[in-house]
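Chemist: Need a 3D model of the following:
(chains A and B)
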Amino acid sequence: MNVRAVSRVVHWALLVFALLTVVSGLGITEFRTVTELTFGLLNKATANRLHLWCWIPFVVLLVAHVLLTARPGWFRRGR
Amino acid sequence: MRQHAIRRVSLSLSFVVLLIVTGSIGGSTQQAEAAPVDGADLPPVEIREYEGQDLSSINDFHENSIKGPQHVDVSQYTLRITGLVDNELSYSYDDVVNGHDTYRKVVTLSCVEGWDVTLLWEGVLVKDLLNEAGVRPEASIVIFKAVDGYSTTLPIEYIVGNDILLAHRMNGVTLPPERGFPFQLVAESKWGYKWIKWVTEIELSNNPDIKGYWEYYGYSQSGDLDKPTFD
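Modeler: Numbers count the residues shown, from 1 in each chain, chains lettered A, B, ... in the order given. Here you go, the predicted structure:
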């Protein structure tokens, strides 16, 4: 897998985790609305669990995203 | 040309002066209207410091009840003590507030959402109510139920051993509807979801597996602040 493919995976994964972090956060603070909108799938307890779990991969992916975007040369041979 | 410019400037200045005068007259009128007619008409003011300790405001809470604020009609309200007791009791609001000793303490409510508030709570001891009903020896769990269907459970040793309050005032003010009027449990050292509002029933049980509303969805049964949030 080359650097470009890894970057693409990291960028998309970061987007997913960023959305999960935001949605789960809203699922805690605005749980009545979010629970209703998700037909009970994302209740406050589930959102809280998800939010507590999400932040580690989110931070890791964010750092990777920044490094891959700001310093792509570090990860490429021959540059 | 120059005279025309001067006239325009002076006209503009006159307009500004007129606005200021009108505004000040309007302000005076407002002040006159806001003057108190009778001290008894003033709304109650919460205290923000108690024995040298700064207190949060009643308005610092985040509204996070399961069905929104409940408006309880105090004339229809009853607090029931049921389950494993010798005498099932039913109190009116006045029975609870005026028929029992009132205690006060400063306690911090910490919410799983990440905010907290420190207030002066005043209320009656839950154990006083339980003693009047006569708790049977086999009872080990106290189930609190609210007008909106919310519920939570706590061990009876915790309720009795920590002098847990059923509060009817916070920061010197009667609980507002959105804060749990008529009664909110002051479950000190427990997460906020144990601080049930709009309490209508206290049931004694010997079943430790009974879960409250949020406990059913996985929040810790004990609700201890120093333990994991989830079971």
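Chemist: and chain A, which residues reach chain B?
Modeler: Within reach of chain B by Cβ under 8 Å from any Cβ of the partner chain, chain A has these residues: A:28-29, A:31-32, A:43-46, A:48-49, A:52. For every residue, glycine as well, the C-beta is placed using N, CA and C.
Chemist: of the residues you listed, closest to chain B?
Modeler: The nearest member of these to chain B, counting by Cβ to the nearest Cβ, is A:Ala45 at 3.6 Å.
Chemist: isn't there a strand covering that closest one?
Modeler: No - going by DSSP: H, G, I helix; E, B strand; the rest coil, the assignment for A:Ala45 is helix, not a strand.
Chemist: That one and B:Glu215 touch, don't they?
Modeler: No - using Cβ atoms under 8 Å, A:Ala45 is not in contact with B:Glu215, being 9.2 Å away.
Chemist: Which residues are in contact with A:Thr21?
Modeler: Residues near A:Thr21 by Cβ atoms under 8 Å, 6 or more residues apart in numbering or on different chains: A:51, A:54-55, A:58.
Chemist: In a markdown table: those, plus pLDDT and secondary structure.
Modeler: Formatted as a markdown table, the contacts of A:Thr21 follow (pLDDT from 0 to 100; DSSP: H, G, I helix; E, B strand; the rest coil):
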| residue | pLDDT | secondary structure |
| --- | --- | --- |
| A:His51 | 95 | helix |
| A:Cys54 | 94 | helix |
| A:Trp55 | 91 | helix |
| A:Phe58 | 96 | helix |
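Chemist: Pull the contacting residues for B:Ile81.
Modeler: For B:Ile81, the contact set (Cβ under 8 Å, 6+ apart) comprises B:88-91, B:129-130, B:132-133, B:201-204.
Chemist: do that again at 7 Å, thanks
Modeler: The contact partners of B:Ile81, taken as Cβ atoms under 7 Å, 6 or more residues apart in numbering or on different chains, are B:88-89, B:129-130, B:133, B:202.
Chemist: show me where pLDDT drops low in chain B?
Modeler: Chain B contains residues with pLDDT under 70 at B:1-40.
Chemist: Enumerate the residues of it near chain A.
Modeler: B:112-113, B:214, B:217-219, B:230 (Cβ under 7 Å from any Cβ of the partner chain).
Chemist: from the residues you listed, which two are the most distant?
Modeler: Spanning the widest gap among the residues of chain B next to chain A are B:Glu113 and B:Gly218, at 15.5 Å by Cβ to Cβ.
Chemist: In chain B, what residue comes closest to chain A?
Modeler: B:Tyr217 (3.6 Å).
Chemist: nearest residue to that residue other than its sequence neighbours?
Modeler: A:Ala45 (3.6 Å; Cβ to Cβ, 6 or more residues apart in numbering or on different chains).
Chemist: just B:Val107 next, same as before
Modeler: B:Glu188 (4.5 Å).
Chemist: Spell out the secondary structure type for the one you found.
Modeler: Here B:Glu188 is recorded as coil under three-state DSSP.
Chemist: Can you verify my assumption that it contacts B:Asn162?
Modeler: Yes - contact criterion Cβ atoms under 7 Å: B:Glu188 and B:Asn162 qualify, at 6.5 Å.
Chemist: Skip the chain neighbours and tell me the closest residue to A:Leu67.
Modeler: Using Cβ to Cβ, 6+ apart, the closest residue to A:Leu67 is A:Trp74 (7.0 Å).
Chemist: Pretty sure the one you found sits in a strand.
Modeler: No - according to three-state DSSP, A:Trp74 belongs to no strand; its state is helix.
Chemist: Tell me, how many residues neighbour it?
Modeler: 10 (other Cβ atoms under 10 Å in any protein chain shown).
Chemist: ok, back up a step: which of the contacts of B:Ile81 sits closest to A:Leu68?
Modeler: Using Cβ to Cβ, the contacts of B:Ile81 come closest to A:Leu68 at B:Ile202, 58.3 Å.
Chemist: May I ask which helix or strand encompasses that closest one?
Modeler: B:Ile202 belongs to strand B:199-205 when assigned by DSSP states H and E.
Chemist: helix, strand or coil for A:Arg49?
Modeler: Per three-state DSSP, A:Arg49 ends up helix.
Chemist: per-residue pLDDT, it?
Modeler: Looking at A:Arg49, its pLDDT is 95.
Chemist: now swap in the one 4 residues further on and tell me
Modeler: With respect to pLDDT, A:Trp53 has a value of 94.
Chemist: try A:Arg77
Modeler: 59.
Chemist: Same check on A:Arg4?
Modeler: 86.
Chemist: which SS state does it fall under?
Modeler: helix.
Chemist: residue closest to the middle of chain B?
Modeler: B:Arg179 (3.2 Å; Cα atoms, centre = their mean).
Chemist: Go ahead and confirm it touches B:Met170.
Modeler: Yes - the pair B:Arg179 / B:Met170 is scored as a contact, 6.4 Å apart, by Cβ under 7 Å.
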